[in-house]
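Task: produce atomic coordinates for the following.
(chains A and B)
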2 protein chains.
Amino acid sequence: MISADRNGRIALKNGRKSPCHRSQISLLTGIDIAHGSEVPLYRQIYNELKRLIDAGALTPGTLLSSPRVLANQIKCSRHTVATAYDHLVDEGTLFSEHGVGTFVAKLPADMVPDGRLRRDNDLATFSMPPLSAFGQHLTEMRARDEADPLQIVGASDSSLFPLEIWNRIHSRIWGGGKKLLGASPQKSGHLDLREAICRLVQRTRGIQCSRDQVLITSGTTQSLDLLMRVLLDPGNKLIVENPGRPKAALLARAQGLELVPVDVDAAGLDVELGIDLAFDARAALVTASHHYPTGATLSLERRMQLLSWASRTGGWIFEDDYDGELVSGRQPILPLFSLGRNNRVAYMGTFSKSIGSHLRIGYIIAHPDVVLALEAARYYIDYFPPLMPQPVLATFIEEGHLESHIRRMKKIYSERQYLTKQEIALKAAGRFELDIQSPSLFLPAWLVAAGGTLTDKDVARLARSVGIPAFDMSSLYLTTPRRQGIVLGTGRMDVKTIPEKIEFLARLLRRSGVTRDASNGPSTWVARPPLPQPSHI
Amino acid sequence: MISADRNGRIALKNGRKSPCHRSQISLLTGIDIAHGSEVPLYRQIYNELKRLIDAGALTPGTLLSSPRVLANQIKCSRHTVATAYDHLVDEGTLFSEHGVGTFVAKLPADMVPDGRLRRDNDLATFSMPPLSAFGQHLTEMRARDEADPLQIVGASDSSLFPLEIWNRIHSRIWGGGKKLLGASPQKSGHLDLREAICRLVQRTRGIQCSRDQVLITSGTTQSLDLLMRVLLDPGNKLIVENPGRPKAALLARAQGLELVPVDVDAAGLDVELGIDLAFDARAALVTASHHYPTGATLSLERRMQLLSWASRTGGWIFEDDYDGELVSGRQPILPLFSLGRNNRVAYMGTFSKSIGSHLRIGYIIAHPDVVLALEAARYYIDYFPPLMPQPVLATFIEEGHLESHIRRMKKIYSERQYLTKQEIALKAAGRFELDIQSPSLFLPAWLVAAGGTLTDKDVARLARSVGIPAFDMSSLYLTTPRRQGIVLGTGRMDVKTIPEKIEFLARLLRRSGVTRDASNGPSTWVARPPLPQPSHI
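Numbers count the residues shown, from 1 in each chain, chains lettered A, B, ... in the order given. Predicted structure coming up:
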C-alpha cells in the first residue's frame, strides 16, 4: 500500500506540502531484485522503479524510501540505490527536493489521463507531410539500400589499408593530446593537415598552392555541395559530363541548377559542344584527370579550351580529381587547377580512394578568397571538420605512409584490372569492348550488342549475381544512353576469384538467351528466348 | 651541354622520334647533392631535377639518364634515383615511356611561352566574382577570427575530457578493426552508436525511441541545416526565439526562410505571442530545455500550447537540446519530443557540450519516416558520417564513461557558475541582475542600467579584456534589444581565477566613466565622461 498523495501535486514554492512521510517502505513489496544476475543491481532497481511508475503503482508525487532504507531492504549498498535514483532524476522520472527526499515526478493532469505517462509517440498514425522541393528531389530516387552497387563500383579496397600505422600515429598524437583538444578550432581545417596537403598535391599532382588555398571538407560530396551553394544561384546553368555521376547531377537539380549534359568521348568532355550548348553556363563540373565512368583523360587541347571559356565568361570550373593519384601509367597532364591562370578552377581532392571513404576527409583547393567564402558559409552549415583525425592524417602523409600505400595499391589495382581484362578477352571474347585505358579502381566494359534485347542493366545484374561489383552505364547517362555498357568495380575484386567469376558471368551470358550472331560480325548480340532472371535477384 | 631535342616534342603514336640518346650524362653537371644531409637523398635529387626543369636547363622532351647511370655518378643506390623519378612521373613533371626511358614532360608550345611552365596561378590579379545569394548572406557578417567569443561562451571545457579512456577504447576497437573498415557504411550512422544513443537519451532525457529514429550528424549545425533544407521551402515562416542564436537565424535567412522572432521571458518562448504573430509558420526552433542565452526553461503549459499548435497546423518543432544533460538542479520537464504525440518534433542532440565540439557528432531523433528522408538527402550533401569515432563513442557511452563524465562536469560547472555569481554579488553588487537559474555552461547577467551610455557591447568587451569569456545580449537579439546584458562563459572559467577576474571587471566598470546613480535607485547606470576603450582591444 503506497501512501502517496493521490492527486500527485507538490506545492514547491508557495508553501510545501509533503505528500507523505515514512510509510513508503511498502514500496519494496513490488521490487523484484535478482542478486548475482548479469544485470547490475542499480540497473535492476532502475528498471523496477520504472516498471512500477509505468504501471501506475507509483503515482506522481509519491515520496520514495530513502536510498538507505531501500538498500537495507534489498540488501545492497546505499550507493547502488542512489545511482538508480540519480539516473531517474536525470531523466526526469523522479524529482529530488533537497532535505525532503525523492519523489515521482509531477505531471499535469491533462498529460496523464490514466494516472501515468505514455512516453512513446504513436508512430503508426503518422503520415509524412510533404518535404521541401529540395528534399523531394533528393528522396524520390533513393532506396534505402546499405550496399549501393554504384558506390561499390569505384570504391577502394580499405581492407589493405595499413591501419596499424594509422593507430600508432593516433596514439602518438592523442596520447598526450589534451591541450590540442582545448584549442580553438581551425575552421578551414587543421593547419598541419592543410600544409601536408599542399606538399602532397605538389608531389603527386603537380599542384602548387599555399595553405590558405586549402579547405578541409568531409569529402567530395560536401565539397561539391559547398561550391554549388556558395558560388551558384538557382537557375544557373551547370555543364556536366554525360555519362557522369548521377549523385552530383541530382544534387545540382535539387539546388535548382539547370543541367547541361555534354557528351564525353575518348578525349573526355566535348568542350566545344559544351560551349556551343551553353556558353552562358556559370560552371562546368569535370573529372578531367580520369573521367567517371569511361576512364577518359581530358585532352590538353580541351583543357585549354575550357580554361579559355572560363576566362572569357567568368564561369567556374569544378575539377573533381577523385582518383588521379591512383591511375597508373598514363600520360601526365597537369590538373586544370595548375594549368589555369585565371583562378576560376576549384579543385576537389579526396582521401576516399587513396585511404577509404570511411575517413570522410576531402579538400577544396582554390583562390584564397574563394576558400574564405566557402569556409565562412561552411561555418553555418557544418561548423568545422572533426579535429581528431586531422593531425593523424597530416602525420600519415608527412611520414610518407600515404604515398607508400598509394604505390602499393596502384600495383594491386593494376593487377586486378589487368587480370579482369585478360579473363574477359579469354572467356567472353567479342561480348565486351574494353577501351585501352589506364588501370584504376574501375573498368568500363562496353557491350558489343546490336539488335539484342539484353540491356546493360541486365548484364550488370548478372555480373552482380556472380559477385562482381558492377553497374550499368545507362543509369549514368542524363540523356538517352548513347551506348550500353557496364562498369566493373575491379578495385574490390580478388585476383584469386577473378577468373572463376568472369567464367561464371560468361556462362550466364551464354545461357541467358543471347548469343553472338556471326552474321552480324564478331561482336554483336542477338536475342534468343526471353531473358530469364537469375533466381536470387 | 644537354643534347635534348629543343623543340620538346616526342611523337608517341605516329612513329617514335627519340629526341636524344646517350649523351645526357652531362645532366649531372648541374646536380648538387649533399651526402649526409638531413634531407633524404631521393628528395635532394627530386629537388635538383625540379630546379633544373624550372630554370629551363632541362626542357620538355629531354630524355634523362637512366637511374643506374645517374646513381653511379652521384654515388647512391639506383633505387634512390628511381624513387625521385617516380615522384616526378607521378606529379607529371617527368614522363616515362616503357622501354625507352624517362623524359621531361611534353607541354604544348602555347602553354610554355618561355620554354618552361609557370605552375602558380597569379593570385594577385584575382577579383572575387559575386557569390550566390546564399553565399552572400553567410559571408557578409563573418569575420575570419579563429577564436569567436560567441562560440566560447557556452563552450564546454574539453581539457577535462577523459581522453585516456577514449584512446583506450579506440585502440581496443580499431586495433583489429580492418574488417570494420571494409564494411558498407551505415548511412544514418553506425548501428551501435544509434542504439547507444537511444539508451542514453532514455536515461538522461526520458526519451523513448528506436534506432531507426536516430540519424547521426556532424552536430547541431548540420542537423539544423538538414532539417531546414529538407522540411522547409524558401518563403516559409520560421518562429525563432528572440534573443537567440544568431548563427541559426542567419542560416535560416540565407536559405530564404522568413524569420518570425518571438520574445522569450522567464518561462521561455512566448508561444501565444508566436502563434498570434505567425499561426501559419511552418516550423518553430526552440531551446525548450534551456533557452540560449537566458537560461529559461519552457514551461509545461507553453510546451503543450506549442505541441497543440503543431498538431493543428502541421507545423514542425525543431527542438535544440544542446546542453539539457548538463543543466543542474532544475525541475524535470520532459523534452517536447517525448511530450508530443504528433510526431512533429525533430529533436536535435549533440555531444559538443558533454564531450566537446572537436568531435563533430550530433544526432536528430524524429519519426522513422522523417529520419529516412533526412538520411536520403544527407547522402547527396555529405554522404555519411566518419566511421572511426562512431563505435568508439558507442562504447564510451555503453560502458558508462559519458555519464560519469557528465556527472563530474555538472559539479564542476555548477561550482564555477556559483562562484561567479557570488563574486559578482560581492564585487559588482547592483551592477548586474542575475536571474535565478539552473547552473550550466553559461551565465546570463543582465545590466542594471537606465539612462547610462555603457552598452552591453562595451561591458562584454571589458569582460573579455580581463579574460572572462563574454558576449553581449544585444547581438543575440533579432530585433531592437529589449534588455541589455552579457552572457558569461562560466563553463571555461577556472575557480582559481574567477575572484580576481570579477574584481578586475568591477574595477574597470568603476573606472570606465559609469557609476551607479543612487537617485535612480540602487541599480542604475549613469554615464560620466566618455567611455575610454581598453587599450589592448
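
residues contacting residue A:83?
residue A:42 (CB atoms under 8 Å, 6 or more residues apart in numbering or on different chains). C-beta coordinates here come from the backbone N, C-alpha and C atoms, glycine included.

ok so it is a strand residue?
No. Counting by DSSP: H, G, I helix; E, B strand; the rest coil, residue A:83 falls outside a strand, being helix.

Tell me the helices and strands packed up against the strand or helix carrying residue A:170.
Assessed by DSSP states H and E, residue A:170 sits inside helix A:163-174. On a contact count with 3 or more CB pairs under 8 Å, 6 or more residues apart in numbering or on different chains; DSSP states H and E, helix A:163-174 meets helix A:389-398, helix B:163-174.

any idea of the mean pLDDT for the helix or strand following it?
Once the chain leaves helix A:163-174, the next helix or strand it forms, by DSSP H and E, is helix A:178-182. On average, the pLDDT along helix A:178-182 is 83.

Please apply the same query to stretch A:467-484.
The model assigns stretch A:467-484 a mean pLDDT of 92.

From start to finish, how long is stretch A:152-169 in a straight line?
The first and last residues of stretch A:152-169 sit 28 Å apart, counting by CA to CA, to the nearest Å.

quick revisit: now, of the helices and strands packed on helix A:163-174, which is deepest in the fold?
Of all those, helix A:389-398 has the most neighbours on average by mean count of other CB atoms under 10 Å in any protein chain shown, namely a mean of 22.

Next, the angle helix A:163-174 makes with that helix.
120 degrees (axes from the mean of the first three to the mean of the last three CA atoms, to 10 degrees).

Following element in sequence after the lengthiest helix in chain A, please.
Ranked by residue count, the top helix of chain A under DSSP state H comes out as helix A:401-427. Remark: after helix A:401-427, the chain's next helix or strand is strand A:432-433, criterion DSSP H and E.

who touches that following strand?
With CB under 8 Å, 6+ apart as the criterion, strand A:432-433 contacts A:424, A:445-448, A:485, A:523.

Just give me the closest of these to chain B.
residue A:446 (21.9 Å; CB to the nearest CB).

Quick one: work out the angle between the one helix or strand that closest one maps to and helix A:401-427.
For residue A:446, the element it lies in under DSSP H and E is strand A:443-447. Relative orientation of strand A:443-447 versus helix A:401-427 (the same axes, to 10 degrees): 20 degrees.

Which other helices and strands does strand A:443-447 contact?
By 3+ CB pairs under 8 Å, 6+ apart, strand A:443-447 packs against helix A:401-427, strand A:432-433, strand A:485-488.

any idea which of those scores lowest on pLDDT?
For the helices and strands packed on strand A:443-447, mean pLDDT drops lowest on strand A:432-433, to a mean of 90.

what ranges do the helices span in the stretch 51-200 of chain A?
A:67-74, A:78-90, A:133-140, A:149-152, A:163-174, A:178-182, A:191-205 (DSSP state H, counting those that start in this stretch).

ok, of those helices, where does mean pLDDT dip lowest?
helix A:149-152 (a mean of 74).

average pLDDT across stretch A:239-251?
Here the average pLDDT along stretch A:239-251 is 94.

in it, what's buried?
A:239-245, A:247-251 (16 or more other CB atoms under 10 Å in any protein chain shown).

Same check on stretch A:470-488?
Of the residues in stretch A:470-488, A:470-478, A:481, A:484-488 count as buried by neighbour count, 16+ other CB under 10 Å.

Could you give the number of residues near the closest residue to residue A:405 other than its chain neighbours?
Closest residue in space to residue A:405, ignoring its immediate chain neighbours: residue A:162 at 6.0 Å, by CB to CB, 6 or more residues apart in numbering or on different chains. Counted with other CB atoms under 10 Å in any protein chain shown, residues neighbouring residue A:162 total 16.

hmm, back to that, so what's the gap between the strand holding residue A:446 and the chain middle?
How far strand A:443-447 lies from its chain's middle: 26 Å, per CA atoms, centre = their mean, to the nearest Å.

Stretch A:437-457 too?
With CA atoms, centre = their mean, you get 27 Å for stretch A:437-457.

Help me confirm that residue A:277 comes into contact with residue A:263.
No. Using CB atoms under 8 Å, residue A:277 makes no contact with residue A:263, being 9.8 Å away.

Enumerate the positions of the longest strand along chain A that are buried.
Longest strand in chain A, counting residues (DSSP state E): strand A:258-265. By neighbour count with 16+ other CB under 10 Å, strand A:258-265 contains the buried residues A:259-262, A:264.

Nearest to chain B among those residues?
Once CB to the nearest CB is applied, the member of those that ends up nearest chain B is residue A:259, at 14.3 Å.

just checking, that closest one touches residue A:236?
No. Under the criterion of CB under 8 Å, residue A:259 is not in contact with residue A:236, lying 10.4 Å apart.

how would you label the residue in the stretch 151-300 of chain A that chain B sits nearest to: helix, strand or coil?
At 3.7 Å from chain B, residue A:230 is the closest residue in the stretch 151-300 of chain A, using CB to the nearest CB. Recorded secondary structure, residue A:230: helix (three-state DSSP).

And it, what's its pLDDT?
Confidence score, pLDDT, at residue A:230: 96.

how near is the nearest residue to it once chain neighbours are set aside to residue A:374?
Distance criterion CB to CB, 6+ apart; nearest residue to residue A:230, sequence neighbours excluded, is residue B:135 at 3.7 Å. Distance of residue B:135 to residue A:374, given as CB to CB, to the nearest Å: 8 Å.
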